[in-house]
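**Q** Give me a 3D structure for the following:
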Amino acid sequence: MDYCGPDTVVLPVSYHGAYGLRDALDDLAGDVTSNTTVYIVDLAANDRHIEAHLLPLEQAGVDVIWYDHHQWSDDARDAVERAGVTLVVDEDECAASLLARDLGQHYDGGGIPADFDPYLQELAEVTKDIDLWIRDDPRSERLNVFATIADVDEYIDTVLKHGVDWPDSVDDRIDERLERDRELEQAAIENRSSYGVGGYSVGITYIRGGRSSQIGNDLVEEMGHDIAVICKTHGGLGIYSHSDRETFARCHEIADQLGGGGHPTAAGCEIPAETFRELADYWVTRGQSVREEVLEAVMAVVHEDGDPE
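**A** Residues are numbered from 1 along each chain as shown. Reported below is the predicted structural model:
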């Protein structure tokens, strides 16, 4: 069932990609009409100019609904709501399950709508399983890998057609990627460096491939670190702690120190580099060039806690 209609336009954006939310909003502003609804999904506002970026949509009388599950500051909430945005945030859901839940409330007053195809309900639940790092469903890891190896159009077309019951040819590609990733992940774990910060054990490593979330999970849940920082080749940083939230649950605050954000036990940001030379130094040193600033960001958050119990 196509709830949004055949004229729906999807503009994929990311925090660290060349095409970001500001670019998407600029492109939309010239094409929308007053009967258009714009959905912003799975992004937390981390741009202090976000209100200005949203202004053209507000002036055009466009309905903007923003679904997210990350941590939001009061200032960010106020900024987007001043711009006329309807903000729906639930930190206990992933964006897919939150959107599915809200569609149900919109269409029939509660729950998933009766004509919402069951395989799409299942897709939302499997997405939630990996996005919130619940990991009760083994299919969620494979869904995550497929999202990594497929381009955006292929991924959307495949999961909308098949849900998580995709063709064997997709499974073969996932198996091949997982085999390669596991070798790179093991190398990253073995090459980690350990630091003590404010009574917490911080493990930092640089990856040339593989799943940063899996490496972060292994460092905190298998190797005993309280906080894991994963330096990625494209210049992003992944920050992780144990999913039970009992040891440390302020990863989003560390990311915020470096201009990013996310969840209490999984967050992300860009490396503190402003020139290509600094980025090149980051590659050559395999992340060593930024570790002092990263550790300072960790210290800025954990110093209030003192030694963990």
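
**Q** okay, CA-based contacts and neighbour counts for the rest of this
**A** Noted.

**Q** does the residue of the chain most remote from its centre sit in a helix, a strand or a coil?
**A** Largest separation from the mean C-alpha position in the chain: Ser34, at 30.4 Å (C-alpha atoms, centre = their mean). Put simply, Ser34 is coil when judged by DSSP: H, G, I helix; E, B strand; the rest coil.

**Q** average pLDDT across whichever strand or helix holds Asn217?
**A** Per DSSP states H and E, Asn217 falls inside helix 212-221. For helix 212-221, the mean pLDDT works out to 93.

**Q** elements contacting it?
**A** When contacts are defined as 3 or more C-alpha pairs under 8 Å, 6 or more residues apart in numbering; DSSP states H and E, helix 212-221 packs onto helix 168-190, strand 227-232, strand 236-241.

**Q** what about it, distance to the chain center?
**A** On the basis of C-alpha atoms, centre = their mean, to the nearest Å, helix 212-221 sits 15 Å off its chain's mean C-alpha point.

**Q** Give me the buried positions along that helix.
**A** Within helix 212-221, the residues that count as buried by 16 or more other C-alpha atoms under 10 Å are Ser212, Ser213, Ile215, Gly216, Asn217, Asp218, Leu219, Val220, Glu221.

**Q** quick one: contacts of that helix?
**A** 185, 188-189, 203, 225-230, 232, 238-242 (C-alpha atoms under 8 Å, 6 or more residues apart in numbering).

**Q** Which of those sits closest to Thr275?
**A** The closest of the contacts of helix 212-221 to Thr275 turns out to be Lys232 (C-alpha to C-alpha; 17.0 Å).

**Q** Stretch 297-309 - what's its average pLDDT?
**A** Stretch 297-309 comes out at a mean pLDDT of 74.

**Q** thinking again about what came up before, ok, the residue farthest from the centre of the chain touching Ala60?
**A** Yes. Contact criterion C-alpha atoms under 8 Å: Ser34 and Ala60 qualify, at 6.0 Å.

**Q** re earlier: among the helices and strands packed on helix 212-221, which is the most enclosed?
**A** Among those, ranked by average contacts under mean count of other C-alpha atoms under 10 Å, first place goes to strand 227-232 (a mean of 27).

**Q** residue ranges with poor pLDDT in the stretch 201-309 of the chain?
**A** For the stretch 201-309 of the chain, the stretches with pLDDT under 70 are 304-309.

**Q** Break down it into its helices, ranges please.
**A** 212-221, 251-257, 276-284, 291-302 (DSSP state H, counting those that start in this stretch).

**Q** In this structure, where's the longest strand?
**A** In the chain, taking DSSP state E as the definition, the longest strand is strand 200-207.

**Q** before we move on, the earlier item: for the contacts of helix 212-221, which one is nearest Arg22?
**A** Among these, Gly238 lies closest to Arg22 (C-alpha to C-alpha), at 22.5 Å.

**Q** so who does that closest one touch?
**A** Counted by C-alpha under 8 Å, 6+ apart, Gly238 has contacts Ser212, Ser213, Gly216, Ala228, Val229, Ile230, Cys231, Lys232, Ala266, Ala267, Gly268, Cys269.

**Q** run the last query once more with 6 Å
**A** Under the criterion of C-alpha atoms under 6 Å, 6 or more residues apart in numbering, the neighbours of Gly238 are Val229, Ile230, Ala267, Gly268.

**Q** doesn't Thr205 make contact with the second one?
**A** Yes. The pair formed by Ile230 and Thr205 meets the contact definition of C-alpha atoms under 6 Å, at 5.3 Å.

**Q** Need the helices and strands packed on helix 212-221 in CSV (columns: distance to Lys128).
**A** Shown next, in CSV, are the helices and strands packed on helix 212-221 (distance: least, C-alpha to C-alpha, whole Å):
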stretch, distance to Lys128
helix 168-190, 19
strand 227-232, 22
strand 236-241, 17
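
**Q** what's the closest of these to Gly262?
**A** strand 236-241 (9.2 Å).

**Q** got the angle for that closest one vs helix 291-302?
**A** 40 degrees (axes from the mean of the first three to the mean of the last three C-alpha atoms, to 10 degrees).

**Q** Neighbouring strands of strand 236-241 in the sheet, and parallel or not?
**A** strand 227-232 (antiparallel), strand 266-270 (antiparallel) (DSSP bridges).

**Q** any chance of these in CSV, with distance to Val164 too?
**A** Listed next are the strands paired with strand 236-241 as CSV, based on distance: least, C-alpha to C-alpha, whole Å:
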stretch, distance to Val164
strand 227-232, 28
strand 266-270, 24
